[in-house]
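Chemist: below: sequence and its predicted model.
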Amino acid sequence: MENYGNSTSVLVIGAGVAGIEASLLLANSGAKVYLVEKASYFGGNVIKWEEVFPNMECATCMIAPKQQELLQNENIKLLTLSQIEAVEGSVGDFSVKVKKKARYVDLENCIGCNECFEPCPVEVDNEFEEGLSKRKAIYIPCAGALPNAPIIDTDNCLRFKGEDCQLCQEACMFEAIDYTQQDEELQLNVGAIIVATGFKTFDLTQAPQYGYKKLNNVYSIVEVERICASNGPTEGQIVLQNGEAPKSVAIIHCVGREEKGYCSSVCCMASIKQAHFLKNKLPTVKVSQLYSDLCVPGRVYQKFYEEVKESGVDFIRATVSEVTQQGTGLAIKYKTEDGEENTLNVDMLILAPAIEPEIGSSKLAEVLAIPQDEYGFFSEEKPDLDSVGTSREGIFIAGCAQSPKDIPDTVAEAEATVGKILSLSR
Amino acid sequence: MAKKIGVYVCECGNNIADNVDIDRVIEAISPLRDVAVVEKHRLLCSEDGKEFLKQSIKDHELTHLVVAACSPKQHEHTFMSVCEAANFNPYLFQMANIREQCAWVTQDKEEATDKAIRQIAAAIARVAYHEALEKKDMDVSPDVLVIGGGIAGIKATQVLAAPDRKVYLVEKGSSLGGKVKGFDKLFTKMESGSVLIENELKKLQEDENIEVFTNSEVEQILGFFGNFEIKVVRKAANEELNFNVGAVVLATGFDLMDPKGLTQYGHGKLDDVYTSLEFEEMNFSTGKVLLKNGKPPESVAIIHCVGREDKGYCSKVCCMYSLKFARMLKAQLPKVKVSQLYSDLCIPGKAYQKFYEETKGLGVEFIRAEKTNVTQNGKGMTLKYESESGTKGDLAVDMVILVPAMEPSSDTDKFAEMLGIPMDDEGFPAQEHQKLAPVASSVEGIFVVGCAQGPKNISESIVQSEAAAGKILSSLVPGRKLELEVKTSEISETFCTGCKTCISVCPYSAISFDDFKKISVVNEALCHGCGVCAAACPSGAASVKNFAFTQIYQEVEALLK
């Protein structure tokens, strides 16, 4: 481990809030960082949130200065559209094969003026917006996404389907669009690896009793985050599918908890936050929370809960058995702990799904040769004493890749991996 | 020397040129005072544009520079680098935002052009009065003081110590190990806390870069990030030690809220009512759980959330250790009846629900109770409880364990006060940022970790220690100087009346009072240039470099002309 210390190179996998924090700290120590992100943009899940609990700070505004700092840091090489293909070697000397997909837009030449979107004749669902809005075949996922440059989606682009279309290239004033770009294979040499691949949410169609994707106006909490977002599909207007504002909303907690077998730790707070947001935007809306146990751990969360309760949000301890269409609204059948059965009628239903490891975690675990636990999260070396280390020396885990957690705990873990990596030089 | 201001207007492809009449801008700007050159470029941030700008600065021997282009958030950094490459002081450069604030906010080209002219004129007026600022750095100590010898302090010390970095670990008690040392079992693996501590202490003893002072108190911390002067008193030896460190980690742990004030639980009055720590202590020292009469209990009630209402927060780990107590009791006394009286079960994360389900599977009873009252009933006790929905019940037990709220230790308060860290509403030291800087306190170079920072379990405490280490190792690199903020505040000796308003508003504790001169003095190493002091100063003595009144008035006047 002689080569450690400030000449270290570190690979960080995943450019969400954990990956960003770890990269910045490492780079500031003098280390060289390769930050690998599979998406075309970076910022992870956090940039999907309109506001974060409990201070209701704008999430993109909170994270954007860090993103800018990262893009300007000469010690950090951000590789978007990239995935890890192979890892060999050991601590202090890992050799890593990275596959970088072509963007077909030159990051040096593109200034992010968006002139290329307009002429594109293709329209498809925007995945970043949970399919709630459309995008073109050349697109950026949302306003403010960084790096501020579009990507061509070759699955839908007419040119890549064999047609003779070059409307986007013609619209570009800076010769930034390059149809001839090729996927690249990069070989990196690093001393340590941080895995910060984050989370996805439980597939709500697996819990059919709630009517997700079957009934109108049943949303996941992530979809509602985008509906609330000022840069989202409705520009922050909270509306039902008929275009009207909801008069009553229910939020069901713990969807998928039984199937997963663990508490996802942040959903109570996220649900309370959405109630806060709804009440703020639509003061007369009636909001009900259907929950079993309220989990608001730590020093700052209970106060937020009390404020939201005070604002008139109903908290009902109950198990929901069924959701059905009732005229234009929804009927939620539930049973309280005292055995009382009841029905709640609302215009809109929000489901708070369990948190799961990000797609591709198993493959990555295999490539890195690190174990996963029974839930598919990466296993920490020792549950009490070393929750950011793994069984393979030199490979560390941080954030929701290890277990569901909130932003401060995620940031602390990212900083902890840096502490461990920089102390390896002893 | 005559001023020669160069103004460069970027067309940003068509982004600016389409909606701002560039030629009219140039015509309006050219005659302005001290303007020597006005030029346009298709895209100044391109390699070609940067080279053009660099050459132009040199060729025209400019004294000041204005770039009219996009938002400074986008490219101020880029153009400051160009200045440096041209050997031009980057603080003599000002950006005017004619894209986001002009071209992109109106369809009316006339209007956009008028506004662009004003913005550029304002930048010219202000930059003429800019000072050439110089970057400064200072020597720092890479060493670290860790206060508190519990698991958080021990782990922080281990991660930080290195041949080029000394760590001083100060513990006021006679031995290291904190609360964990006295826990017979830890959830969820039911391993021994004392064994865990013993193993960790071995690693400390082997490291010659660590100095441990037990029975010692930190009496004074002066200075600032990179250069703290520390005074420690070793009580037994009556010896005073002085040393310098670059950063301080506060790991002073927690206390339990005293439940005596909550008379409904009978603690201190009834024989067999224990707090959770008293129960741990009994089990650890005797290896047995016994009633005061020497007999093992037949039924035990564990009451959750004692004092939560008064504190206003959830202590996060109590549900889990209550489950652990049930397991310990069941393992020792298989026939014992254990009831948990709780309102909400808080078992966050992947590792805990299984432990809960297994515990429930052992026959442990879970009763929702929002209010509970404990009274003596013959040899045992009666618990009268009521759930939030109004369901009432009675329970007869012969032992009660109370699970009180966790609060920061009294030492946490003491050090926060000594260091000038404000406390938040819940009584914990304020963080630099609630979401993005959990272990950094509001005072630079001071980190608060473990339960001193907020209730948490062992693994989270250790993560925070490692996190503080990460922040310190990243910023205090041995042999490297610390770069200071350039645009700091300065207080004029002549105008300062010594009212101390600035000291009370400074969020970084960067201003102190010179008792001899009776004026306020800014410590540049601590100042972040936020300008709060300049806004608050009633006599106009405080100002931020390049945001002084002259520069701001010149800018505003040109804007409003």
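Modeler: Yes, it's here. Since the structure is predicted, the reported quantities are computational estimates derived from the model, not experimental observations.
Chemist: so what pLDDT did residue A:1 get?
Modeler: Looking at residue A:1, its pLDDT stands at 33.
Chemist: the one 4 residues further on too?
Modeler: Residue-level confidence at residue A:5 comes out at 39, pLDDT.
Chemist: near chain B, which residues of the stretch 301-426 of chain A show up?
Modeler: Taking C-beta under 8 Å from any C-beta of the partner chain as the measure of proximity, the stretch 301-426 of chain A contacts chain B at A:301-303, A:306, A:317, A:336-338, A:373, A:375, A:377, A:380, A:383-388, A:403-405, A:407-409, A:411-420, A:422-423, A:425-426. Glycine gets a C-beta too; all of them are placed from N, C-alpha and C.
Chemist: same thing with the stretch 1-150 of chain A?
Modeler: By C-beta under 8 Å from any C-beta, the part of the stretch 1-150 of chain A that sits against chain B consists of A:6, A:17, A:21, A:25-26, A:28-30, A:52, A:54-55, A:57, A:62-63, A:66, A:68, A:72, A:108-109, A:111, A:113, A:115.
Chemist: of the residues you listed, just the buried ones, ChimeraX syntax please.
Modeler: Paste this into ChimeraX to select the buried members of the residues of the stretch 1-150 of chain A next to chain B, with burial taken from 16 or more other C-beta atoms under 10 Å in any protein chain shown:
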select /A:17,21,25,26,28,29,52,54,57,62,63,66,109,111,113,115
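Chemist: among the residues of the stretch 1-150 of chain A next to chain B, which are in helices?
Modeler: Judged by DSSP state H, these include A:17, A:21, A:25-26, A:28-29, A:62-63, A:66, A:68, A:72 as members of helices.
Chemist: correct me, but residue B:540 touches residue B:548?
Modeler: No. Using C-beta atoms under 8 Å, residue B:540 is not in contact with residue B:548; the gap is 9.8 Å.
Chemist: so which of the two has more stuff around it?
Modeler: For residue B:540 versus residue B:548, neighbours defined as other C-beta atoms under 10 Å in any protein chain shown are more numerous around residue B:548 (17 against 12).
Chemist: and that one, what does it touch?
Modeler: residue B:129 (C-beta atoms under 8 Å, 6 or more residues apart in numbering or on different chains).
Chemist: report pLDDT for it.
Modeler: pLDDT, read off for residue B:548, is 93.
Chemist: how close does it get to residue B:331?
Modeler: As judged by C-beta to C-beta, to the nearest Å, residue B:548 and residue B:331 stand 71 Å apart.
Chemist: picking up where we left off before, out of the residues of the stretch 301-426 of chain A next to chain B, which sit inside helices?
Modeler: A:301-303, A:306, A:407-409, A:411-420, A:422-423.
Chemist: are any of these buried, and which?
Modeler: Among these, the ones that count as buried by 16+ other C-beta under 10 Å are A:301-303, A:407-409, A:411-420, A:422-423.
Chemist: residue A:70 reaches residue A:23, doesn't it?
Modeler: Yes. With contact defined as C-beta under 8 Å, residue A:70 reaches residue A:23; the gap is 6.1 Å.
Chemist: between the two, who's got more neighbours?
Modeler: Neighbour totals were compared for residue A:70 and residue A:23, and residue A:23 leads with 30 against 23 (other C-beta under 10 Å).
Chemist: which residues touch the more buried one?
Modeler: Residues counted as contacts of residue A:23 (C-beta under 8 Å, 6+ apart) are A:12, A:15, A:33, A:35, A:70, A:73, A:76.
Chemist: quickly list what residue 96 is bridged to.
Modeler: Since you didn't name a chain, this refers to chain A. residue A:87, residue A:188 (DSSP bridges).
Chemist: looking at chain B here, not the other one
Modeler: With DSSP bridges as the rule, residue B:96 is bridged to residue B:68.
Chemist: what about it, distance to chain A?
Modeler: As judged by C-beta to the nearest C-beta, to the nearest Å, residue B:96 and chain A stand 18 Å apart.
Chemist: and what of residue B:150?
Modeler: Distance of residue B:150 to chain A, computed by C-beta to the nearest C-beta: 14 Å.
Chemist: same check, this time on residue B:138
Modeler: Taken as C-beta to the nearest C-beta, the span from residue B:138 to chain A is 17 Å.
Chemist: which residues are in contact with residue B:395?
Modeler: B:301, B:339, B:341, B:367, B:382-383, B:385.
Chemist: please repeat the previous calculation with a cut-off of 6 Å.
Modeler: Going by C-beta atoms under 6 Å, 6 or more residues apart in numbering or on different chains, residue B:395 touches residue B:383.
Chemist: likewise residue B:283?
Modeler: Residue B:283 touches B:184, B:289, counting by C-beta under 6 Å, 6+ apart.
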